[in-house]
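Colleague: Need coordinates for the below:
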Amino acid sequence: MLRQGKLETSKAKAIARVGDSETRKQLLEDAISYNLSLNEIKRKIKEIEQQSKSESPSLKDQVDDTFQRFKKAKVWDDPKKKTKVEKLLAQLEALMKNDNEVK
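Modeller: Purely as a prediction, here's the structure:
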């Protein structure tokens, strides 16, 4: 659309930042169909981001987020926390081992 002159570079860059491909495609179509201004596009992107934040994250997303925060945490500096982490890790490993045996 950019190459065809149907959309300005600034608008295309804003739309390109939308993570979900279906949402990005719909926003692109709306921007062209309704000749949305850059400010209108940015407002729609904010609405999309707020809507996605209000939806509860999937279990996988929660695990990914927790793991990222865990890697940055200083839990191994505290002996009590380190012991808890070791127990939790053993439980997770056992859970995954049992899951692999079932399959």
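Colleague: any idea how far the residue located most distally from the centre of the chain is from Lys13?
Modeller: In the chain, the residue that sits farthest from the middle, by C-alpha atoms, centre = their mean, is Pro79; the gap is 32.8 Å. The spacing between Pro79 and Lys13, counted by C-beta to C-beta, to the nearest Å, is 49 Å. For every residue, glycine as well, the C-beta is placed using N, CA and C.
Colleague: per-domain residue ranges of this structure.
Modeller: With automatic domain parsing as the criterion, the domains of the chain are listed as 9-54, 59-102.
Colleague: Could you look over the ones you listed and pick the most buried one?
Modeller: domain 9-54 (a mean of 14; mean count of other C-beta atoms under 10 Å).
Colleague: That one: end-to-end distance?
Modeller: This stretch, domain 9-54, spans 30 Å end to end (C-alpha to C-alpha, to the nearest Å).
Colleague: And for stretch 68-79?
Modeller: Distance across stretch 68-79, first residue to last, is 21 Å (C-alpha to C-alpha).
Colleague: what ranges of this protein fall below the confidence cut-off?
Modeller: 55-57, 99-103 (pLDDT under 70).
Colleague: Determine the longest helix present in it.
Modeller: Criterion DSSP state H: the longest helix present in the chain is helix 79-102.
Colleague: other SSEs contacting that one?
Modeller: With contacts taken as 3 or more C-beta pairs under 8 Å, 6 or more residues apart in numbering; DSSP states H and E, helix 79-102 sits against no other helix or strand.
Colleague: which other residues reach that helix?
Modeller: Outside of helix 79-102, the residues within contact range by C-beta atoms under 8 Å, 6 or more residues apart in numbering are 75-76.
Colleague: quick one: that helix to chain centroid distance?
Modeller: Computed by C-alpha atoms, centre = their mean, to the nearest Å, the separation of helix 79-102 from the middle of its chain amounts to 26 Å.
Colleague: can you map out the helices along this protein?
Modeller: Counting by DSSP H, the helices of the chain are 9-16, 21-33, 38-54, 59-72, 79-102.
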